[in-house]
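Undergrad: the sequence and its predicted three-dimensional model are supplied below.
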Amino acid sequence: MSSIDPPAASPPKRSATRAIGPGDIVSSGLCIGCGACVAHGPAGAQMRLDRYGQFKPHGPKDWRMADPDFERLCPFSPLAPNEDELAGERFAGASHMDRRIGRFEAAYVGHVAETGFRMDGSSGGLVSWVAVELLRTGIVDGIVHAAPTDGGGSADGYFKYRISRSEREIRAGAKSRYHPVELSGVIAEMRARPGRYAVVGIPCMIKALHLAGRVDPLLAQRVTLTLGLFCGHMKSLRLVESFAWQMGVRPETVRGVDYRLKRPDQPANWYVAELSLGDGGRRRRYWWDMADGDWGAGFFQNQACDFCDDVVAETADISFGDAWVEPYSSDGRGTNVVIVRTGELNALLRAGTAEGRLELAEVDADFVARTQAAGLRHRREGLAYRLQRFRGPVLPRKRVEPGDKGLSARRKLIYAMRRQIGRWSHRVFRLARLTRWPGLYLGWARAALSLYHGLAYGRGWLGSLLDRLGWSGMEGRDP
Ligand SMILES: Cc1cc2nc3c(=O)[nH]c(=O)nc-3n(C[C@H](O)[C@H](O)[C@H](O)COP(=O)(O)OP(=O)(O)OC[C@H]3O[C@@H](n4cnc5c(N)ncnc54)[C@H](O)[C@@H]3O)c2cc1C
Ligand code: SF4
Ligand code: SF4
């Protein structure tokens, strides 16, 4: 079963007379593959990578069709509390509330000054620093985060969630993984082993954990802190395989991936991907030099991301992103923006700054929103447009009303094209993989990208034509 093709036999239809189950969310294209339902599912339920390299729940048919607990714990269930409701409960006394970034105590821009963290991190190294500090000060007993698998590969994935219990382990897990990971295994581990855990995750995973905690008090008691990562969207496992093709190596020989090699002498937003190979070799290439390397075009995007309205992990105790505004985007050493939602964590950041271990300056909500302008636009006006056109058994309940008021024809086309690139990249890549014909996918991807660039940035013949016709509504900058 996948989010793209409905299951062959008896597709679950949403009925007013029964509870919804994981199958309904999957067939509606709304499953992000978090694994929360499997962690609370019956014996035999498990998460598996589908044909497109995305996690999906599997298990007994009656469970997939209907499960009363599921309705309340799936982050895409329309019957579960939304981010505003969860954050309202968790951060009732927060000093600020902003409709773009949610409730918060304070926000900062900066990086880690203490040696190593910034160079080893994808951005300013703050996630790993906070995680180490939480462990060092005994605030938690373990950090749950995505780390490289031992001997992983194109069949099982290169990263998975694990629990780190030492500074060495946490630091070895640094860096952003634009790669599917799921929570079912670590939820089982946290339930089995008493302790206080801090979980690092993208917004939907953090939301899933809070929802799961509402039906599972033991889990709620053990997950004592959540560290959110801002999120543009999630890629499938196939992005790594496509990078391998474009770097002239066979995907089976890839043993590890660094999505963002740190290059202090170059702008932070000139992403370079590095693949480590089984023979000890390495290959590198700029993202923008690859057919599917424009993040904003949506190649290999999980379909559920088109119906997500949380960019900055509004339900996490603290969340981290990149400062995608000048002068920070040009600083290849990497700079974070941080949103802190509890007094305890704000005190931790302030102490780190006072001791010279962090270099942070306080900023306001407008600053944070500017760093995520493209992501917020895509998940506010873009989401409204997509919701208006949504067809599926389960209608997602979002904090954005469906509609296209004020959207130019060109902007609508940009949103529609991103969605189609996301959907078709999975399918065309699969065909290219089955026929062992990389050129099929790469040719398609280059053509799709040049159309997208014409529409979104006015490049090439299409861009000139649209400009001459006076079709405004271009993208301000790459996300
Ligand atoms: C899918 C995805 C999309 C993102 N989109 C945006 C965006 O649009 N805008 C933006 O500003 N920032 C985005 N980020 C966040 C950004 O890439 C950095 O992760 C963030 O700025 C923290 O950098 P750092 O140097 O402080 O973290 P580091 O010190 O490098 O530590 C990163 C920590 O996060 C953990 N981690 C990495 N990936 C995952 C994952 N997938 N699931 C769970 N844990 C993980 C690592 O194990 C490590 O503990 C995204 C991250 C991801 C994973
Ligand atoms: S989004 Fe998560 S909880 Fe919902 S169906 Fe998918 S794996 Fe299960
Ligand atoms: S865009 Fe939303 S749904 Fe998609 S991975 Fe990010 S947080 Fe999850």
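TA: Received it, and whenever you're ready, just let me know what you need. Residues are numbered from 1 along each chain as shown. Ligands and ions are numbered 1, 2, ... in the order given.
Undergrad: run through this structure and note the low-pLDDT ranges.
TA: For the chain, the stretches with pLDDT under 70 are 1-17, 151-152, 154, 471-479.
Undergrad: next to ligand 2, which bits of it? Give me the list.
TA: Counting by C-beta under 6 Å from any ligand atom, the chain comes close to ligand 2 at 22, 25, 31-37, 57, 74-76, 208. Using the backbone N, CA and C atoms, a C-beta is placed for each residue, glycine as well.
Undergrad: check which strands are paired with the lengthiest strand in the chain and give the direction for each one.
TA: Secondary structure of the chain read by DSSP state E shows that its longest strand is strand 142-153. Paired with strand 142-153 in the same sheet, following DSSP bridges, are strand 157-164 (antiparallel), strand 197-201 (parallel).
Undergrad: so which residues make contact with the next helix or strand after the first one?
TA: Proceeding N to C from strand 157-164, the next assigned helix or strand is helix 167-172, under DSSP states H and E. Under the criterion C-beta atoms under 8 Å, 6 or more residues apart in numbering, residues 116-117, 120, 128, 131-132, 135-136, 143, 145, 147-148, 164 lie in contact with helix 167-172.
Undergrad: greatest separation within those residues: which pair is it?
TA: R136 and P148 (22.8 Å; C-beta to C-beta).
Undergrad: with neighbour numbers in mind, choose between the two.
TA: P148 (21 against 10; other C-beta atoms under 10 Å).
Undergrad: does the more buried one really touch F159, like I thought?
TA: Yes. Between P148 and F159 there is a contact at 5.7 Å, judged by C-beta atoms under 8 Å.
Undergrad: around ligand 1, pick out the residues from this protein.
TA: Close to ligand 1, as judged by C-beta under 6 Å from any ligand atom, the chain has residues 121-128, 131, 145-147, 173-178, 181, 200-202, 229-232, 234, 320-322, 324, 334, 336, 372, 375.
Undergrad: helix or strand right after the lengthiest helix in the chain?
TA: If you go by DSSP state H, the chain has its longest helix at helix 409-434. Later in the chain than helix 409-434, the nearest helix or strand by DSSP H and E is helix 438-457.
Undergrad: and that following helix, what does it pack onto?
TA: helix 238-246, helix 409-434, helix 460-468 (3 or more C-beta pairs under 8 Å, 6 or more residues apart in numbering; DSSP states H and E).
Undergrad: what lies in contact with it?
TA: Taking C-beta under 8 Å, 6+ apart as the rule, helix 438-457 contacts 242, 245-246, 291-292, 294, 296-297, 299, 410, 413-414, 417-418, 421, 424-425, 428-429, 431-433, 459-463, 465-466, 474-475.
Undergrad: report the distance from it to the chain centre.
TA: Put simply, helix 438-457 sits 23 Å off its chain's centre (C-alpha atoms, centre = their mean, to the nearest Å).
Undergrad: between that helix and helix 238-246, how many degrees?
TA: 110 degrees (axes from the mean of the first three to the mean of the last three C-alpha atoms, to 10 degrees).
Undergrad: quick one, helices of the stretch 51-200 of the chain?
TA: 61-65, 68-73, 83-90, 117-120, 126-136, 167-172, 184-192 (DSSP state H, counting those that start in this stretch).
Undergrad: want to throw the strands paired with strand 142-153 into JSON lines with mean neighbour count?
TA: What follows is the strands paired with strand 142-153, written out as JSON lines (neighbours: other C-beta atoms under 10 Å):
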{"stretch": "strand 157-164", "mean neighbour count": "21"}
{"stretch": "strand 197-201", "mean neighbour count": "24"}
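Undergrad: how about the stretch 351-479 of the chain: which residue is closest to ligand 2?
TA: Shortest the stretch 351-479 of the chain-to-ligand 2 distance, computed as C-beta to the nearest ligand atom: residue-wise this is V394, at 10.2 Å.
Undergrad: now do that residue against ligand 1, distance only.
TA: Separation of V394 from ligand 1 (C-beta to the nearest ligand atom, to the nearest Å) stands at 24 Å.
Undergrad: quick one, what contacts the nearest residue to that residue once chain neighbours are set aside?
TA: Spatial nearest neighbour of V394, chain neighbours left out: S28 (4.3 Å); criterion: C-beta to C-beta, 6 or more residues apart in numbering. S28 is in contact with G392, P393, V394, P396, counting by C-beta under 8 Å, 6+ apart.
Undergrad: ok, those residues vs ligand 3, which is closest?
TA: P396 (10.6 Å).
Undergrad: near the spatially closest residue to that closest one that is not a sequence neighbour, how many other residues are there?
TA: Once flanking residues are discounted, P396 sits nearest to F307: 4.5 Å by C-beta to C-beta, 6+ apart. F307 has 22 neighbours, counted by other C-beta under 10 Å.
Undergrad: how about the one 4 residues further on?
TA: Neighbouring residues of V311 were enumerated by other C-beta under 10 Å; the total is 24.
Undergrad: helix/strand/coil for it?
TA: Three-state call for V311 (DSSP: H, G, I helix; E, B strand; the rest coil): coil.
Undergrad: follow-up on the earlier one: for the strands paired with strand 142-153, give me a markdown table that also has distance to K405.
TA: Below are these laid out as a markdown table (distance: least, C-beta to C-beta, whole Å):
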| stretch | distance to K405 |
| --- | --- |
| strand 157-164 | 41 |
| strand 197-201 | 34 |
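Undergrad: out of these, which comes closest to ligand 3?
TA: Ranking the strands paired with strand 142-153 by proximity to ligand 3 (C-beta to the nearest ligand atom) places strand 197-201 first, at 8.6 Å.
Undergrad: list the helices and strands the longest helix of the chain packs on?
TA: When contacts are defined as 3+ C-beta pairs under 8 Å, 6+ apart, helix 409-434 sits against helix 238-246, helix 381-388, helix 438-457.
Undergrad: now those as JSON lines including mean neighbour count?
TA: Rendered in JSON lines, the data for the helices and strands packed on helix 409-434 read as follows (neighbours: other C-beta under 10 Å):
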{"stretch": "helix 238-246", "mean neighbour count": "23"}
{"stretch": "helix 381-388", "mean neighbour count": "20"}
{"stretch": "helix 438-457", "mean neighbour count": "18"}
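Undergrad: make CSV out of those helices and add distance to ligand 3.
TA: Below are these laid out as CSV (distance: least, C-beta to the nearest ligand atom, whole Å):
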stretch, distance to ligand 3
helix 238-246, 13
helix 381-388, 10
helix 438-457, 19
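Undergrad: how near is E133 to R171?
TA: Using C-beta to C-beta, to the nearest Å, E133 is found at 12 Å from R171.
Undergrad: buried ones in stretch 351-363?
TA: G352, T353, L358, E359, L360, V363 (16 or more other C-beta atoms under 10 Å).
Undergrad: the helix or strand harbouring the fourth one pairs with which strands?
TA: Element membership for E359, per DSSP H and E: strand 358-363. Using DSSP bridges, the strands paired with strand 358-363 in its sheet are strand 106-112 (antiparallel).
Undergrad: list of residues touching the partner strand?
TA: Strand 106-112 has contacts (C-beta under 8 Å, 6+ apart) with 95, 101, 118, 121, 123-126, 128-129, 323, 328, 333-340, 346, 349, 353, 357-365, 367-368, 371.
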